[in-house]
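Q: What shape does this take:
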Amino acid sequence: MRGSSTGIHPPLYKQVIQAIRARNLLSPEQRILVAVSGGPDSVVLLSLLHSLAPVWNLSLTVVHVNYGLRGAESDGDASFVAALCRRFTLPCLIRSLEIPPAEAGRSLQACARDLRYQLFRELVDELGMDRVALGHTADDQAETVLLRMLRGAGLRGLTGMPHIREGLFVRPLLGVTRREILAYLETMELSYRTDSSNAKPIYLRNRVRHELLPVMQSLAPSTIKLLARQADILREDDRLLDRLAAQRLVRSIQSRDVNGIVLDRATLLAQPVALQRRMLRQAMQALSPSARGLRGDMVFSILSSLASRRSGGSWNAGSLVVTCEQGEVRITMASSRRVAPEDAQDVAISSPARAADVVTVLALPATLSWPVSGGRIRIRAVTRERGLALLGKPSPTLALFDAEQLTFPLTIRSWRPGDWFFPVGMTGRRKKLQDYFTDAKLGRSVREHIPLLLSQERMAWIVGQRIDARFAATDSTTRFILASVTHALRRKGVF
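A: Presented below is the predicted three-dimensional model:
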């Protein structure tokens, strides 16, 4: 096996490192959990990170999941990965998982994926890892886009897999084709395992891989790269439309409380159809995060009824009920205790499980009451001049964010076991909130009252305490968002 000991890296090494830097997937001195199946993609991922590790002072740990579905072949994969880790002198975790009978409408692969990601999150917490590196390639991205297209996905589905998810899972090879993967393996004289199930036509993904994509490549040889690039372009468009929808949604809200949101029907219908769909979804997600997985056909059905001017239609969507009246669209919890509504102008309170301590910020400016302990939190955009001036005057009651890094709607909630963030000043190191609270000598009675500001479920600010480095404004920031908390919370002993 040829390797980095020669001091010479093949072109793919430089290509992947550039992608890691450009997308901020990894940082020096981080602890990385590398998922390795033994297939060509994950072997290349491990080889590249192993070459990068001494340069960036990365700490690598390998995890291999054995579902036992292919008998001796599965065990052979585990043995291969263990041997590869011994060759690279890396710690290796072999974990066996048993897949329960698939739920109705869910494939074996989907159940396996959920179990795998759950295991990864548990290992991250147990071992204090900063990132989980996955070996998905441009071919995987192309297959995912085509599969979702065949299933009638909208714009969000066609964005494919993100390069970074939840601020935890990273895909450094997402711009690399399988052809480039195989060329690297040959150059480095690395062996790999082949999963026999990848050749079975019973799986739709395999048919897309072996039947549809070759035909497309015969017509356009760059199909793989083009589909991967299209996913990146659509992802940016999707984010822009989400921001626009959040701004328009605020204008259409007539009233809201923890039990429901009432939208002005005319205002909603006056928007472009593309924004109507997103506005309806966002309003439903503000009440119940599970509405994120709402079927597209139900959204279309609701909007069609609205456009026809009919009234009285009602739809059950999980824990929510959507009712269309003459002049309004009412979204309510299917069953919930009545809680007094908040009087803030630009926020909606959400989450059926903990309705009293979850607030969704749809757009700016927003001023809201924190229902757990009182006091008020204000979030607004400020000029660059103002932002730069505040950078030199740090205060625990203020947080300055880079607007380009935040994604709306934002969420404010109480802490939960397993929460973590990247504190400013810790050079990209990840820290559990529980450890942070312990170090800060904040007891449970206090920490449960501290609000947390999140962007797409990623911690942005421990309000009144510490900002997350991923979202913090810097001297190079061009658009600033300022969050502030009143001293009312301090008087209650929270800060």
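Q: In the stretch 301-450 of the chain, mark out all the strands, start to finish.
A: Taking DSSP state E, counting those that start in this stretch, the strands of the stretch 301-450 of the chain run over residues 314-317, 320-324, 328-333, 347-349, 358-361, 366-369, 376-382, 398-402, 410-413, 420-421, 431-432.
Q: If you average pLDDT over each of the ones you listed, which is lowest?
A: Lowest mean pLDDT within the strands of the stretch 301-450 of the chain: strand 347-349, a mean of 37.
Q: returning to what we had before: out of the strands of the stretch 301-450 of the chain, which gets nearest to S308?
A: strand 320-324 (9.5 Å; Cβ to Cβ). (Each C-beta comes from the backbone N, C-alpha and C, glycine too.)
Q: now for the closest one, which elements pack on it?
A: In this structure, strand 320-324 packs against helix 273-287, helix 296-307, strand 314-317, strand 328-333, with contacts taken as 3 or more Cβ pairs under 8 Å, 6 or more residues apart in numbering; DSSP states H and E.
Q: Make a markdown table from the strands of the stretch 301-450 of the chain and add mean neighbour count to it.
A: Converted to a markdown table, the strands of the stretch 301-450 of the chain look like this (neighbours: other Cβ atoms under 10 Å):
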| stretch | mean neighbour count |
| --- | --- |
| strand 314-317 | 14 |
| strand 320-324 | 20 |
| strand 328-333 | 20 |
| strand 347-349 | 26 |
| strand 358-361 | 26 |
| strand 366-369 | 20 |
| strand 376-382 | 18 |
| strand 398-402 | 23 |
| strand 410-413 | 23 |
| strand 420-421 | 23 |
| strand 431-432 | 17 |
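Q: and those as CSV, adding distance to L168?
A: Output for the strands of the stretch 301-450 of the chain, formatted as CSV (distance: least, Cβ to Cβ, whole Å):
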stretch, distance to L168
strand 314-317, 29
strand 320-324, 28
strand 328-333, 30
strand 347-349, 27
strand 358-361, 21
strand 366-369, 27
strand 376-382, 25
strand 398-402, 20
strand 410-413, 17
strand 420-421, 9
strand 431-432, 13
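Q: List just the one of the ones you listed that sits closest to G160.
A: Closest approach to G160 among those (Cβ to Cβ): strand 410-413, 24.4 Å.
Q: Direction included, what does that closest one pair against?
A: strand 358-361 (antiparallel), strand 452-455 (antiparallel) (DSSP bridges).
Q: gap between the first one and the chain center?
A: Average the C-alpha atoms of strand 358-361, do the same for its chain, and the two points are 18 Å apart (Cα atoms, centre = their mean, to the nearest Å).
Q: can you list the domains in this structure?
A: 4-221, 364-495 (automatic domain parsing).
Q: Make a markdown table out of the ones you listed and add distance to V299.
A: What follows is those, written out as a markdown table (distance: least, Cβ to Cβ, whole Å):
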| stretch | distance to V299 |
| --- | --- |
| domain 4-221 | 9 |
| domain 364-495 | 17 |
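Q: Now the weakest link among these, please, by mean pLDDT.
A: Out of those, the stretch the model trusts least by mean pLDDT is domain 364-495, with a mean of 81.
Q: Can you find which helix in this protein contains the most residues?
A: Counting by DSSP state H, the longest helix found in the chain is helix 223-252.
Q: what's the angle from the helix or strand following it to strand 328-333?
A: For helix 223-252, the following helix or strand on the C-terminal side (DSSP states H and E) is strand 253-257. For strand 253-257 against strand 328-333, the angle by axes from the mean of the first three to the mean of the last three Cα atoms, to 10 degrees is 20 degrees.
Q: picking that back up, which of the domains of the chain sits closest to R251?
A: R251 lies closest to domain 364-495 among the domains of the chain, at 13.2 Å (Cβ to Cβ).
Q: how far away is the spatially closest residue to T397 that is not a sequence neighbour from L48?
A: Distances taken as Cβ to Cβ, 6 or more residues apart in numbering place V485 nearest to T397, at 5.2 Å, with adjacent residues excluded. Separation of V485 from L48 (Cβ to Cβ, to the nearest Å): 43 Å.
Q: Same question for S484.
A: 43 Å.
Q: Those two: who's more crowded?
A: More neighbours surround L48 than the other of S484 and L48, with 26 against 18 (other Cβ atoms under 10 Å).
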